[in-house]
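K.L.:
Take a look and give me a structure for this.
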Amino acid sequence: MSARIEADLHTHTTASDGTQRPAANVQMAFDAGLGALAITDHDTVSGVSEALLAGRELGIEVVPGVEISTVANGQDIHVLGYYIDIHNEGFLQRLASLRDTRDTRNNMIIERLQQLGLDITMAEVLREVENIKSKGDTVGRPHIAAVLLHKGYVSSISEAFDRYLGTGAAAYANPPRIEPATAIRWIREAGGKAVLAHPGIYHDDALVEAIVHQGLDGIEVYHSDHTPEDEAKYLSLALRSGLLITAGSDFHGERGGVVFHAPIGSRRIGIEVLQRLKPEKEQRS
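P.N.:
The predicted structure follows:
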C-alpha cells in the first residue's frame, strides 16, 4: 500500500447538512488512500468525537474542525476552524448562538416559500431529519430542499437551490450574523487556526483581500467549486500573504444520486500542512 501522505480538510456529516455519519466519512477517507480527514460541520462540532474514534480504529488522523457561518457585504462567508478545542465551553456556547440564528433563517425561508404558494412547514423539515439528528446538530437549507424534492416542487436538490434557496433566489433569507473577523477571533480563542473557505464562490476579491487582513491563518485554495484560474489566483494570494494553503472536497454526501460537492479525496493537500494547523504547543512536541 502506498504511503498515506494527503489530507482532505473539508467534509460534512449528518451533524450538519451531510448525509453520512462521521465514521462513514472516515471510512471513505481510508478507502480513498488519505492519511487525514477534517470534519467541518456547519456551526457545530457534535460529529467530531465519533470521527476521532473511527480515525483511531483505521489509522486515519481526524482533524477536529468547524465551518462557521458569517456575513459580509450582504453575502454568506464561511470560515473554517481547525484543531479547535471541541470541549471549550465558551466556544460551544458561541456555536449554539449561531445555530439559533440558523433556526431563525430556516423559519424565514419556510415563511417565504409559503408566501410563494408552496405547501411546506418546518415540522415537515424536522421530520425529514429526526432519525439522523441529535443534540447540537444543525438543520439547514439542504434539508428544506429535500422536502421540496419529496413533495414534487423541484426535480433535484440543485433546482431547489437555483429556484428557491440559493443566494438571491425567490425564498432566500439572510438574517444578521457575525462578521468573518468575529469568527476568526472565536476560532483562535478556542485554540484553533482560521482558514477562509472556498473564496472563489464569493466573486468578490476585494472582500477576500479584506478578510485576509483580519487575522486569517490560511486560505482554502483547492476546492471542488474552484476553477484552475481560481486556484492559481488564491495560491498567489496565499503565498503573497504568508498564509497556509489548504484543500477540501466539501463533501456533503449523496442526494438523489448526486454527490455534493464532490467525493472525499477529490481535493487533497500534503499531510504536512497539519503540523502548521495544529496549536503551537503541539507543533513543538
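K.L.:
use CA for all of it now, contacts and neighbours both
P.N.:
Fine.
K.L.:
Quick check: which ranges of the stretch 51-200 of the chain have low pLDDT?
P.N.:
The stretch 51-200 of the chain contains no residues with pLDDT under 70.
K.L.:
in it, which spans are helices?
P.N.:
89-115, 122-129, 141-150, 157-160, 180-189 (DSSP state H, counting those that start in this stretch).
K.L.:
in the protein, what residue sits furthest out from the centroid?
P.N.:
For the chain, the residue at maximal distance from the C-alpha centroid (CA atoms, centre = their mean) is residue 117, at 31.0 Å.
K.L.:
returning to what we had before: could the helices of the stretch 51-200 of the chain go into CSV alongside distance to residue 70 and mean neighbour count?
P.N.:
Compiled in CSV, those are given as follows (distance: least, CA to CA, whole Å; neighbours: other CA atoms under 10 Å):
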stretch, distance to residue 70, mean neighbour count
helix 89-115, 9, 17
helix 122-129, 23, 15
helix 141-150, 15, 20
helix 157-160, 22, 20
helix 180-189, 6, 21
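K.L.:
Pipe those into CSV and attach distance to residue 251 per row.
P.N.:
As requested, these are exported to CSV (distance: least, CA to CA, whole Å):
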stretch, distance to residue 251
helix 89-115, 20
helix 122-129, 19
helix 141-150, 13
helix 157-160, 15
helix 180-189, 22
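K.L.:
Of all those, which one is nearest residue 76?
P.N.:
Minimum separation from residue 76 across those (CA to CA) falls at helix 180-189, 9.6 Å.
K.L.:
Check which helices and strands the closest one sits against.
P.N.:
strand 61-72, strand 75-82, strand 193-196 (3 or more CA pairs under 8 Å, 6 or more residues apart in numbering; DSSP states H and E).
K.L.:
Point out the most buried one among these.
P.N.:
strand 193-196 (a mean of 27; mean count of other CA atoms under 10 Å).
K.L.:
Given that one, what are its sheet partners and their directions?
P.N.:
strand 75-82 (antiparallel), strand 218-223 (parallel) (DSSP bridges).
K.L.:
and the angle from the longest one to helix 180-189?
P.N.:
Orientation check (axes from the mean of the first three to the mean of the last three CA atoms, to 10 degrees): strand 75-82 against helix 180-189 gives 10 degrees.
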